[in-house]
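1. Have a look; sequence and predicted model below, questions after that.
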Amino acid sequence: MRWKECTLLLLISPDSVEEALDCAKAAEHLDIVDVKKPDEGSLGANFPWIIREIRDAVPADKPVSATVGDVPYKPGTVAQAALGAAVSGATYIKVGLYGCTTPDQAIDVMRGVVRAVKDYRPDAFVVASGYADAHRIGCVNPLALPDIARRSGSDAAMLDTAIKDGTRLFDHVPPDVCAEFVRLAHEADLLAALAGSVKAGDLGELTRIGTDIVGVRGAVCEGGDRNAGRIQPELVAAFRAEMDRHAREYAATVAAAS
Ligand SMILES: O=C[C@H](O)COP(=O)(O)O
């Protein structure tokens, strides 16, 4: 899948098989089920057997994504972990380049991941993820991600927030800079994925700038609480309804302007 074929996709991140079953109840409203372990970090990796059980729990036509973790600059270790996620049934493999302080380090890590994953499963989709609040953890700049993804042979560039303290994507990377991120990703023929305590009120901007994938957890958990709250199928449905509304409004605006 390349960006020209894609409208905004909804990726939801359950942290357990029970939550994945709740996602399955709302399967018609989401596009990708993303397995992570939030208590191990923003892109914390879950166990292989949890990925496998979640793959079995969600409808076969919904791709399962798995995060490989907030990874260190250890290309071999990360490549092996990424293969583990693919063997466990994930077809989207997301890597959080937490410990990479330069683009060259990040490219090293992602090249290993791409080779490990695609040798095993050529149609798997590899996502290079950086952090909107990179300045707080000292990793690569958000706008470096599209080039890192392109030069490593990844399929998508993503931003999430590293520190889940209530600050949000647009607090760290304002909409005009996110728009530049999306533009750079598209120029490189990649999908652009954005996340980071995104709320329904952000969907207008995310749609307008041409985002391909929006990643969400807190906004679809009870009480908006990504840690203590559980994913609620009706919140997933409501979030999707807002996405659809913005897509319609944006299409109408574009049509009126042409
Ligand atoms: O990949 C998406 C993340 O899980 C987003 O989580 P969040 O919306 O709670 O920041």
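-> All right, it came through fine. Residues are numbered from 1 along each chain as shown.

2. Please count neighbours and contacts with C-alpha atoms only from this point.
-> OK.

3. Enumerate the residues of this structure near the ligand.
-> When proximity is defined as Cα under 6 Å from any ligand atom, the chain approaches the ligand at Ser13, Ala195, Gly196, Ser197, Val198, Gly215, Val216, Arg217, Gly218, Ala219, Arg226.

4. wait, the third one sits on Met158?
-> No - using Cα atoms under 8 Å as the test, Gly196 is too far from Met158 to be in contact (10.4 Å).

5. Point to the residue nearest the middle of this protein.
-> Taking Cα atoms, centre = their mean, the centroid of the chain lies closest to Gly215, which sits 5.0 Å from it.

6. Let me see the contact set for it.
-> Neighbour list for Gly215: Leu10, Leu11, Ile12, Ser13, Ala193, Leu194, Ala195, Gly196, Val198 [criterion: Cα atoms under 8 Å, 6 or more residues apart in numbering].

7. The last one in helix, strand or coil?
-> Secondary structure, DSSP: H, G, I helix; E, B strand; the rest coil: Val198 is coil.

8. What does the pLDDT read for it?
-> Among the per-residue scores, Val198 holds a pLDDT of 98.

9. Touching, it and Ala219? I think so.
-> Yes - in this structure, Val198 sits in contact with Ala219. The criterion is Cα under 8 Å, and the distance is 6.8 Å.

10. Residue in the stretch 51-200 of the chain with the shortest distance to the ligand?
-> Using Cα to the nearest ligand atom, the single residue of the stretch 51-200 of the chain nearest to the ligand is Ser197, 3.4 Å away.

11. these two touch, right, that residue and Gly224?
-> No - in this structure, Ser197 sits apart from Gly224 without contact. The criterion is Cα under 8 Å, and the distance is 9.2 Å.

12. out of these two, which sits in the more crowded spot?
-> Ser197 (23 against 17; other Cα atoms under 10 Å).

13. Not counting its neighbours along the chain, what's nearest that one?
-> Arg168 (5.1 Å; Cα to Cα, 6 or more residues apart in numbering).

14. residues contacting Gly166?
-> Ser197.

15. picking up where we left off before, I would like a PyMOL command selecting only the buried ones among the contacts of Gly215, please.
-> The command below creates a PyMOL selection of those among the contacts of Gly215 that count as buried (16 or more other Cα atoms under 10 Å):
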select buried, resi 10+11+12+13+193+194+195+196+198
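
16. Sort out for me which of the contacts of Gly215 are in strands.
-> The subset of those located in strands under the criterion DSSP state E comprises Leu10, Leu11, Ile12, Ala193, Leu194, Ala195.

17. wait, the last one sits on Thr211?
-> The one in question is Ala195. No - in this structure Ala195 lies outside contact range of Thr211 using Cα under 8 Å: 10.3 Å.

18. residues touching whatever residue of the stretch 1-150 of the chain ends up closest to the ligand, list them.
-> Nearest residue of the stretch 1-150 of the chain to the ligand: Ser13, at 4.9 Å (Cα to the nearest ligand atom). Contact criterion Cα under 8 Å, 6+ apart gives Val33, Asp34, Val35, Lys36, Gly215, Val216, Arg217 as the residues in contact with Ser13.

19. ok, which stretches of the stretch 101-250 of the chain are strands?
-> 125-131, 156-160, 191-195, 213-216 (DSSP state E, counting those that start in this stretch).

20. so which of these gets nearest Met110?
-> Closest approach to Met110 among the strands of the stretch 101-250 of the chain is made by strand 125-131 (6.9 Å; Cα to Cα).

21. No more questions from me, cheers.
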